[in-house]
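Participant: My questions concern the predicted model and sequence given below.
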Amino acid sequence: MTKMINQNYIRIWETVKAIPKGKVASYGQIADLAGLPGRSRFAGTALANTPSDIKIPWYRVLRSSGQIAFPKGSEKALEQKTLLMDEGVEVNNLRVNLKHFGWQPTVDELLFKLKY
DNA sequence: TAAGTGACGATCG
DNA sequence: TCGATCGCCACTT
């Protein structure tokens, strides 16, 4: 084998899957929980390279500011906004209030995630 | 090996 | 709040 870096992608994906419905998390937070602190950019790269055969709630991941990572007007941005609002998340001008909808993992949530 | 790139984050004005 | 800038790290060329 030449590279094993795929393990890191998988950790990102597994963490994203742990985000509860109706909640959102930031890229940095995901990277942190996945055991890759400071790799926020890598979290984005991992989502961008998500294979089409695995399903993850990628739309629950936002910037640390609560803003959607795509440019306003882009199809991806609109799609993400729609999916979030379907789950009851308030989205104002591509922005989410992290105070209300930000995911704050509890100990048991993390334990559940880590026992796969 | 070096330079370019990116679904980011923190800071500054 | 917004945009520009810099720091960041792994992948690609």
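Facilitator: In hand now; what should we look at?
Participant: what does chain A put close to DNA strand B?
Facilitator: By the rule Cβ under 7 Å from any atom of the strand, the part of chain A lying against DNA strand B is A:26-29, A:40-45, A:47-48, A:50, A:58-59, A:61, A:63-65, A:69-70, A:76. C-beta: built from backbone N, CA, C; applies to glycine.
Participant: From these, list just the buried residues.
Facilitator: Buried by 16 or more other Cβ atoms under 10 Å: A:26-29, A:40, A:42-44, A:47, A:58-59, A:61, A:63, A:69, out of these.
Participant: Without its sequence neighbours, what residue ends up closest to residue A:56?
Facilitator: Closest residue to residue A:56 apart from its sequence neighbours, by Cβ to Cβ, 6 or more residues apart in numbering: residue A:16 at 4.9 Å.
Participant: need the helices for chain A, in chain order.
Facilitator: A:6-17, A:27-33, A:40-48, A:75-86, A:98-101, A:107-114 (DSSP state H).
Participant: residues making contact with the fifth one?
Facilitator: Same thing as helix A:98-101. Helix A:98-101 is contacted from outside by A:22-24, A:26, A:62, A:66, A:89-90, using Cβ atoms under 8 Å, 6 or more residues apart in numbering.
Participant: Now which of those would you call buried?
Facilitator: A:23-24, A:26, A:62, A:66, A:89.
Participant: Out of the residues you listed, which comes closest to DNA strand B?
Facilitator: Lowest distance from DNA strand B to the buried ones among the contacts of helix A:98-101 (Cβ to the nearest atom of the strand) belongs to residue A:26, with 3.8 Å.
Participant: just checking, that closest one touches residue A:67?
Facilitator: No - judged on Cβ atoms under 8 Å, residue A:26 makes no contact with residue A:67 at a distance of 9.9 Å.
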